[in-house]
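Asker: Give me the fold of what follows.
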Amino acid sequence: MGNEEIESPRRVAIPPTKPFLVSLGANLKETFFPDDPFKQFKNQPFGAQILLWLKYFIPFLEWAPRYTFNFFKADLVAGITIASLAVPQGISYANLATIPPIIGLYSSFVPPLIYAMLGSSKDLAVGTVAVVSLLMSALLGKEVSPVEHPKEYVQLVFTATFFAGAFQASLGFVRLGVIVDFLSHAAIVGFMGGAATVVCLQQLKGIMGLVHFTHETDVVSVTRSLFSQIHQWRWQSVVLGCSFLSFLLLTRYLIKKKPIFFWINALAPLLSIILGSLLVYFTHAERHGVQVIGILKKGLNPLSVSDLVFGPPHLPIAIKTGIIIGIIGLAEGVAVGRSFATLKNYHIDGNKEMIAFGMMNIVGSCTSCYLTAGPFSRTAVNFNAGCKTAVSNIVMAMSLMITLLFLTPFFRYTPLAVLSSIIITAVIGLINYEEVVHLWKIDKFDFVVCVGAYIGVVFGSIETGLIIAITISLLRVLLVTARPRTSVLGNIPNSTIYRSIDQYPTANRVPGALILQLEAPIYFANSNYVRERLSRWITDEEKRIKSSGLTSLQYIILDVSGVSSIDSSGISMLEEVNKSTEKRGLILLLANPRSEVIKKLNVSKFIEAIGHERFYLTVGEAVTACNLKLHTCKPNPVGAELDSTV
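Answerer: Numbers count the residues shown, from 1 in each chain. As a prediction, the model looks like this:
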């Protein structure tokens with residue numbers, strides 16, 4: 001092609017090679033400590049470092065010295081408000097988990113105190129969660145019957161809570177919160193919606209006043225169990241449940257129209273329990289088929305360390321359940337905390353949240369509590385009530401302490417139909433059909449993930465829905481990485497910018513050159529696909545040029561700016577592509593290689609094998625070099641090379 005040299009004003013630099021241990025340490029630091037939490041400890045005396053460590057692991061020590069009386073007034077109102085919601089929800093969700101209602105109240109006393117010390121969110125209100133309650137009942141109820149062996153079942157609940165807390169805390173300490181990210185937003189929407197549907201169906205037992213009901217959670221089993229017992233429906237319970245359900249849904253509708261009346265919606269569940277209990281007490285409805293809670297013992301949480309069972313035969317199911325409910329609790333709690341933190345423009349530390357959740361569940365399992373997290377409904381009430389700090393959780397806990405010490409006898413006549421209506425109202429908001437429609441418009445694959453998770457939960461089981469959600473999400477990750485996108489680039493008119501011709505139809509192809517952009521890391525799982533895809537692009541381009549009589553194809557320019565990393569399989573693929581293009585009489589050029597990529601290409605001798613002159617800093621410079629050669633030289637013979645020096 002001639003002996004002229006085309007000088008480029010810039011050269012592709014090869015970064016210096018770092019020692020393996022230094023490089024490994026940098027990668028590990030970026031993986032586990034991207035926020036560089038140890039930066040504040042540098043150049044500090046030992047005493048100051050101890051104080052900083054304490055403040056880091058116990059955030060309460062960080063903000064407590066700045067706490068003011070005005071903050072306390074706001075937190076006091078918010079704490080009392082969420083306590084009014086915590087009492088009915090605690091009793092209702094315990095009933096959903098098939099454990100004694102008093103445990104639901106215990107779970108709103110100790111865990112919030114732990115979270116107030118260790119949590120990093122100002123708005124998160126700690127408490128029991130409907131979906132997790134149903135999960136525990138569905139998973140553990142198959143192993144031990146809560147009706148035939150109630151004590152053994154409760155012990156299993158505490159043990160599963162302990163393992164959930166240990167799992168959550170360990171994720172925080174080793175900074176592996178990325179595991180939670182495998183539950184995508186679409187998967188969570190579908191899973192939560194399906195679980196909410198199942199929860200609502202299960203509550204028909206309480207609304208209809210049925211004594212015996214299926215423990216299965218799929219819609220077919222629930223529907224069959226419901227309509228096979230029509231003769232046992234209690235009209236008194238139906239009227240009571242439907243009346244309070246209508247009242248609660250009305251208050252929910254009111255808050256959507258007038259958010260300023262949030263306190264009405266917050267107090268509605270407690271008011272329903274009071275009115276329902278009074279109605280049963282004065283009419284003696286419990287004698288006519290209306291089921292009630294019964295006697296709740298007074299007193300604070302008894303210790304339950306001796307109830308934790310770490311031996312056979314139920315240890316495997318306790319560990320399995322603990323991990324599942326631990327992940328679900330984290331996914332919901334961290335997501336809710338981040339959502340409200342964004343509204344107030346502050347940041348919460350995901351790893352600290354995991355440690356806080358883990359510790360409060362470990363301590364909770366030893367003090368007669370079952371798994372707690374950060375439910376959206378309670379947090380929304382806390383936020384709207386004007387909370388300033390986590391002290392609102394302490395106020396709520398103190399309110400529950402007073403309830404446990406003095407007020408539990410008043411819940412004796414609380415009808416189960418009212419509790420069922422409270423649960424239905426609380427979880428119905430998790431069926432977010434608007435978000436499903438939004439997913440359909442934005443990303444069809446996300447829609448499939450969402451619907452798959454929903455169908456799996458509703459027509460299969462909680463575990464089935466969870467497995468489907470995670471499997472489809474992982475499948476998407478594999479598809480994206482194993483089948484990376486490649487696109488043809490063209491020149492935007494009157495510029496030196498090169499973009500995809502699919503995205504910019506006005507972009508012009510470069511005569512004599514095919515510019516291809518790779519948009520993902522190249523490694524063993526996708527290298528064969530990338531090679532075959534590049535070959536097809538070249539074949540199609542040659543056919544297009546031949547049919548239209550344009551300038552013959554002479555250069556293949558690969559824009560590798562989107563290739564963040566490459567392994568040995570990827571390098572072998574590039575070597576094969578280079579040999580293949582040479583056999584076709586074409587010259588392969590690479591533009592804008594990233595630091596890690598050019599470093600590995602240099603170490604592997606790939607650069608030396610094909611020549612430094614094949615690498616360009618930008619696509620524009622590569623095209624300029626090609627155009628100069630095309631205008632000054634005759635078409636190159638097979639195997640000829642571009643002899644410009646970069």
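
Asker: pretty sure F158 contacts L303?
Answerer: No. Contact criterion Cβ atoms under 8 Å: F158 and L303 do not qualify, at 10.7 Å. Bear in mind the C-beta positions are built from the backbone N, C-alpha and C, glycine included.

Asker: Which of those two has more residues huddled nearby?
Answerer: F158 (25 against 9; other Cβ atoms under 10 Å).

Asker: Got the domain ranges for this structure?
Answerer: Per the TED database, the structural domains of the chain span 71-475, 483-630.

Asker: just so I have it, where are all the strands in the protein?
Answerer: Taking DSSP state E, the strands of the chain run over residues 486-491, 498-500, 513-518, 555-559, 587-591, 615-616.

Asker: who does the fourth one pair up with?
Answerer: What that stands for is strand 555-559. The pairing partners recorded for strand 555-559 under DSSP bridges are strand 513-518 (parallel), strand 587-591 (parallel).

Asker: Distance to L400 and mean neighbour count added to the ones you listed, as a markdown table?
Answerer: Listed next are these as a markdown table, based on distance: least, Cβ to Cβ, whole Å; neighbours: other Cβ atoms under 10 Å:
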| stretch | distance to L400 | mean neighbour count |
| --- | --- | --- |
| strand 513-518 | 58 | 23 |
| strand 587-591 | 64 | 24 |
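
Asker: nearest to S461, of those strands?
Answerer: Smallest distance to S461 across the strands paired with strand 555-559 (Cβ to Cβ): 42.0 Å, for strand 513-518.

Asker: Specify the angle between the closest one and strand 486-491 in degrees.
Answerer: If you take axes from the mean of the first three to the mean of the last three Cα atoms, to 10 degrees, strand 513-518 sits at 130 degrees to strand 486-491.

Asker: what does the average pLDDT come to for strand 513-518?
Answerer: Here strand 513-518 scores 92 as its mean pLDDT.

Asker: wouldn't V619 be in contact with L558 here?
Answerer: No. The pair V619 / L558 is not scored as a contact, 9.5 Å apart, by Cβ under 8 Å.

Asker: list residues touching both of these two?
Answerer: Residues touching both V619 and L558 (Cβ atoms under 8 Å, 6 or more residues apart in numbering) are A591.

Asker: Please point out which parts of stretch 571-591 sit buried.
Answerer: By neighbour count on 16 or more other Cβ atoms under 10 Å, the buried set for stretch 571-591 is 571, 573-574, 577-578, 580-582, 586-591.

Asker: which one among those residues gets closest to P15?
Answerer: Using Cβ to Cβ, the buried residues of stretch 571-591 come closest to P15 at L590, 15.9 Å.

Asker: For the closest one, which residues are in contact?
Answerer: Applying Cβ under 8 Å, 6+ apart, we find L590 in contact with 557-558, 560, 614-616.

Asker: can we see that at 7 Å?
Answerer: Contact analysis of L590 by Cβ atoms under 7 Å, 6 or more residues apart in numbering lists 558, 560, 614-615.

Asker: Can you identify each of the helices in the stretch 351-500 of the chain by residue range?
Answerer: Secondary structure of the stretch 351-500 of the chain (DSSP state H, counting those that start in this stretch): helices at 376-384, 391-402, 416-427, 433-442, 444-455, 462-482.

Asker: Dump those helices into a markdown table; add distance to P493 as well.
Answerer: Below are the helices of the stretch 351-500 of the chain laid out as a markdown table (distance: least, Cβ to Cβ, whole Å):
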| stretch | distance to P493 |
| --- | --- |
| helix 376-384 | 51 |
| helix 391-402 | 60 |
| helix 416-427 | 56 |
| helix 433-442 | 31 |
| helix 444-455 | 33 |
| helix 462-482 | 32 |
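
Asker: Would you tell me which of the ones you listed gets closest to L51?
Answerer: Closest among the helices of the stretch 351-500 of the chain, using Cβ to Cβ: helix 391-402, at 21.7 Å.

Asker: The closest one - what's its average pLDDT?
Answerer: Mean predicted lDDT for helix 391-402 stands at 94.

Asker: tell me what that helix is packed against?
Answerer: Judged by 3 or more Cβ pairs under 7 Å, 6 or more residues apart in numbering; DSSP states H and E, the packing partners of helix 391-402 are helix 69-96, helix 110-118.

Asker: between these, which gets nearest to I455?
Answerer: Nearest to I455, of all the helices and strands packed on helix 391-402, is helix 69-96, at 22.2 Å by Cβ to Cβ.

Asker: coming back round to it: got a markdown table for the strands paired with strand 555-559, with distance to K599 too?
Answerer: A markdown table is the format used below for the strands paired with strand 555-559 (distance: least, Cβ to Cβ, whole Å):
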| stretch | distance to K599 |
| --- | --- |
| strand 513-518 | 17 |
| strand 587-591 | 14 |
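
Asker: between those, which one is nearest to L96?
Answerer: Judged by Cβ to Cβ, the one of the strands paired with strand 555-559 that comes nearest to L96 is strand 513-518, at 50.9 Å.

Asker: what does the closest one contact?
Answerer: Strand 513-518 has contacts (Cβ under 7 Å, 6+ apart) with 484, 486-489, 498, 500, 530, 534, 537-538, 541, 553, 555-560, 562-563, 619, 623, 626.

Asker: With stretch 385-400 instead?
Answerer: So stretch 385-400 is contacted by 63, 67, 71-72, 74-83, 86, 105, 108-109, 112-113, 115-116, 119, 122-123, 125-126, 382 (Cβ under 7 Å, 6+ apart).

Asker: Provide a PyMOL selection command restricted to the buried entries of these.
Answerer: Listed next is the PyMOL selection for buried residues among the contacts of stretch 385-400, using 16+ other Cβ under 10 Å:
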select buried, resi 63+71+72+74+75+76+77+78+79+80+81+82+83+86+105+108+109+112+113+115+116+119+122+123+125+126+382
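
Asker: if we can go back for a sec, go through the helices of the stretch 351-500 of the chain and pick out the most buried.
Answerer: helix 416-427 (a mean of 28; mean count of other Cβ atoms under 10 Å).

Asker: chain center to that helix: distance?
Answerer: 27 Å (Cα atoms, centre = their mean, to the nearest Å).

Asker: helices or strands up against it?
Answerer: Helix 416-427 sits against helix 69-96, helix 130-140, helix 185-202, helix 204-208, helix 235-257, helix 262-283, with contacts defined as 3+ Cβ pairs under 7 Å, 6+ apart.

Asker: And the last one, what's buried?
Answerer: What it means is helix 262-283. Within helix 262-283, the residues scored as buried using 16+ other Cβ under 10 Å are 262, 265-274, 276-277, 279-280.
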